[in-house]
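A.B. asks: Below are the sequence and a predicted model for it; my questions follow.
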Amino acid sequence: MDWPARSPDLNPIEHVWDFLGRRLAARTLPPVMIRELRLALQDEWAAMPQQLIDTLILSMGRRCETCLATPNLELVTRSGDGTWNDSPDACCQVIYSQFGLAIHQNGHQARRRFVEWAQNEIAVVPDFHKRILLSDEEHFWLNGYVNKQNCRIWSEANPQVYVETPLHPEKLTVWCALWAGGIIGPYFFKNDEGHNVTVNGDRYRAMITNFFIPELNNHDVQEL
């Protein structure tokens, strides 16, 4: 469950999305309809081991220490080079672009300010990290969307493989929050008719007001 210190927000919830994605991919009968995808996500959500959640929460202090110990380096976007030699005996090599998240000076300083503040609070209240609530949303594609830049066929001849995909593949946008009390969610963004919708500011605020706050009130947060 290690998480690189260069992560912009140090959000361990990415491990939750990874767990759900792997569980969906391992299903014998993958979902073929949005309703089936939603039900499958809910089933895998309910089967998520509590140990996964506990490990992510307990690792918060270690992430803060790792971030503070990381040198002030920037991760910049990189692009690959292609080489071509006109010699008939030469072997042509194509190196595809590699991309990394650009993290600049202000991003590193912002993370340091956060972890220094968190460590100061933990020094006063050892269980302070249990009061931190981490949230995020993720897209789950019905058609098993694959980034073609990460998918290559190694062959002496062109296999002439074509994969037809819809112009606008269906997807579910799921939100959840992770904290010491467990996971709040999942929340599926959809309209009054039950159709999936994209996330905007109004819908996000409505989710917080109508779903998140009532769910949080169902937990005994006074102990924290």
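C.D. replies: Looks like it arrived, so ask away.
A.B. asks: ranges for the helices of the protein?
C.D. replies: According to DSSP state H, the chain carries its helices in the segments 14-25, 34-46, 50-58, 60-69, 105-124, 201-207, 213-217.
A.B. asks: of those helices, which approaches Gln160 most closely?
C.D. replies: Of all the helices of the chain, it is helix 14-25 that lies closest to Gln160, at 26.4 Å by Cβ to Cβ. To be clear about C-beta, it is placed using only N, CA and C from the backbone, and glycine gets the same treatment.
A.B. asks: Against which helices or strands is the closest one packed?
C.D. replies: helix 34-46, helix 50-58, strand 134-141 (3 or more Cβ pairs under 8 Å, 6 or more residues apart in numbering; DSSP states H and E).
A.B. asks: Enumerate the positions of it that are buried.
C.D. replies: Neighbour-count burial for helix 14-25 flags His15, Val16, Trp17, Phe19, Leu20, Arg23, Leu24 (criterion: 16 or more other Cβ atoms under 10 Å).
A.B. asks: Out of the helices and strands packed on helix 14-25, which is closest to Asn196?
C.D. replies: Of the helices and strands packed on helix 14-25, nearest to Asn196 by Cβ to Cβ is helix 34-46, at 6.4 Å.
A.B. asks: who does the closest one touch, helix- and strand-wise?
C.D. replies: Using 3+ Cβ pairs under 8 Å, 6+ apart: helix 34-46 touches helix 14-25, strand 171-179, strand 182-188.
A.B. asks: what residue ranges in the protein score low on pLDDT?
C.D. replies: The model of the chain has pLDDT under 70 over residues 1-11, 60-105, 143-154, 161-168, 220-224.
A.B. asks: re the thing from before, need the buried residues of helix 14-25 in a markdown table with distance to Asp192, can you?
C.D. replies: As requested, the buried residues of helix 14-25 are exported to a markdown table (distance: Cβ to Cβ, whole Å):
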| residue | distance to Asp192 |
| --- | --- |
| His15 | 33 |
| Val16 | 28 |
| Trp17 | 27 |
| Phe19 | 31 |
| Leu20 | 26 |
| Arg23 | 30 |
| Leu24 | 27 |
